[in-house]
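Novice: Got a predicted model here, sequence first, then my questions.
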Amino acid sequence: MLSGNLAKIAAQRSLRMLALAIACLVVLVPLGYLVLNSVKPQNEMYTIPPIIIPSRITLEHFEAAFNNPRTLRFLINSLTVTGITTAVTVVVSTLAAYGLSRMGLRAGLLSFVVFIFLFIRFYPRITTVIPYFLVMRQLALLDTVWAVIIGHLGITIPFVTWLMLIVFQDLPREVEEAAEVDGANPLQRFGLVALPMAAPGVASAAILTAFLSWNEFLIASSVTKRQAQVLSIAVASFVTDRGVQWGPMAAMAVIMIVPMILFALFVQRYLIRGITLGAVKG
């Protein structure tokens with residue numbers, strides 16, 4: 001009986017390791033191929049059969065990207081858009097979610113509000129591009145970072161409000177009730193009691209918002225032309241009527257990916273804690 005249980009545990013562990021290995025391959029193989037293409041000589045890009053491992057390492061594609069004065073502008077625009085979008089989203093969504101979670105709404109009404117948030121988040125974004133472009137033109141905001149930021153806020157605020165609503169609903173109410181008995185007003189209960197307990201959730205919301213804003217392409221491409229373009233548009237700009245410039249595109253993609261990889265490695269513990277917050281109630 002014991003040997004049978006040990007064999008079952010070993011089989012389950014092997015299946016988990018196999019699934020983990022497959023997931024790592026799915027993620028890492030394309031990334032590795034992208035990095036190899038970024039340092040591959042231009043004449044090896046179009047060979048048949050394709051050359052996976054370059055015969056020599058070259059940095060010509062990175063030199064071309066960094067020698068382009070617009071690359072620095074792309075990077076600054078991406079950092080500006082992502083930073084402002086993340087800050088505004090976290091502040092607005094956290095306050096909105098806390099208010100919704102403490103208003104005592106009926107379950108049916110609260111479910112309807114959550115449905116609206118999810119509907120706004122997941123309906124086809126392409127359907128809003130032309131109306132949004134027209135609105136930004138009327139406001140004289142085309143080709144500015146503010147047009148991109150406002151568009152991103154329309155995506156991130158509903159999603160983060162829904163996420164933080166779940167976090168605040170899972171927090172123990174007893175601590176806030178004790179603070180209320182001691183005379184704390186709603187703002188004090190939020191800032192001094194609920195917010196510190198929800199800090200991992202807030203951190204995960206900020207991380208997910210930053211990733212979404214940094215990688216977003218559709219809105220940024222529809223309302224920018226030259227001055228406010230971001231890195232995601234810079235990567236796509238190497239698809240030209242004369243063909244795809246694979247080397248420079250790969251180099252620019254690596255430039256775009258590296259900050260997010262470093263950011264993810266730095267904050268991954270907060271992301272994991274935020275995602276699992278409330279999953280197990282004691």
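Specialist: Noted; the coordinates are in hand.
Novice: any idea of the pLDDT on the residue nearest the centre of the chain?
Specialist: Nearest to the mean C-alpha position of the chain, by CA atoms, centre = their mean, lies Phe211 at 2.1 Å. Here the pLDDT value assigned to Phe211 is 90.
Novice: How about the contacts made by the nearest residue to it once chain neighbours are set aside?
Specialist: Excluding the flanking residues, the one nearest Phe211 by CB to CB, 6 or more residues apart in numbering is Met260, at 6.5 Å. Placement of C-beta: from N, CA and C, glycine included. Contacts for Met260 (CB atoms under 8 Å, 6 or more residues apart in numbering) come out as 211, 214-215.
Novice: got those residues as JSON lines, with distance to Ala264 columns?
Specialist: JSON lines is the format used below for the contacts of Met260 (distance: CB to CB, whole Å):
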{"residue": "Phe211", "distance to Ala264": "8"}
{"residue": "Trp214", "distance to Ala264": "11"}
{"residue": "Asn215", "distance to Ala264": "12"}
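Novice: Tell me the one of these nearest Ala179?
Specialist: Nearest to Ala179 among the contacts of Met260 is Phe211, at 33.9 Å by CB to CB.
Novice: Regarding the closest one, what is its secondary structure?
Specialist: Following DSSP: H, G, I helix; E, B strand; the rest coil, Phe211 is assigned to helix.
Novice: roughly how far apart are it and Thr58?
Specialist: To Thr58, Phe211 is 30 Å away according to CB to CB, to the nearest Å.
Novice: Asp170 too?
Specialist: 52 Å.
Novice: just Leu72 next, same as before
Specialist: Between Leu72 and Thr58 the computed distance is 22 Å (CB to CB).
Novice: same question, Phe74
Specialist: 22 Å.
Novice: Can I get stretch 150-162 in PDB? Just the C-alpha atoms.
Specialist: Only the C-alpha atoms of stretch 150-162 are listed here, as PDB (Å, rounded to 0.1, in the frame of the first residue of the first chain):
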ATOM      1  CA  ILE A 150      -6.200  58.300 -21.600                       C
ATOM      2  CA  GLY A 151      -6.800  55.400 -23.900                       C
ATOM      3  CA  HIS A 152      -4.800  53.100 -21.600                       C
ATOM      4  CA  LEU A 153      -6.800  54.300 -18.600                       C
ATOM      5  CA  GLY A 154     -10.000  53.200 -20.300                       C
ATOM      6  CA  ILE A 155      -8.500  49.700 -20.300                       C
ATOM      7  CA  THR A 156      -6.800  49.500 -17.000                       C
ATOM      8  CA  ILE A 157      -9.100  51.200 -14.600                       C
ATOM      9  CA  PRO A 158     -12.100  48.700 -15.000                       C
ATOM     10  CA  PHE A 159      -9.700  45.700 -14.800                       C
ATOM     11  CA  VAL A 160      -7.900  47.000 -11.700                       C
ATOM     12  CA  THR A 161     -11.100  48.100 -10.000                       C
ATOM     13  CA  TRP A 162     -12.500  44.600 -10.400                       C
END
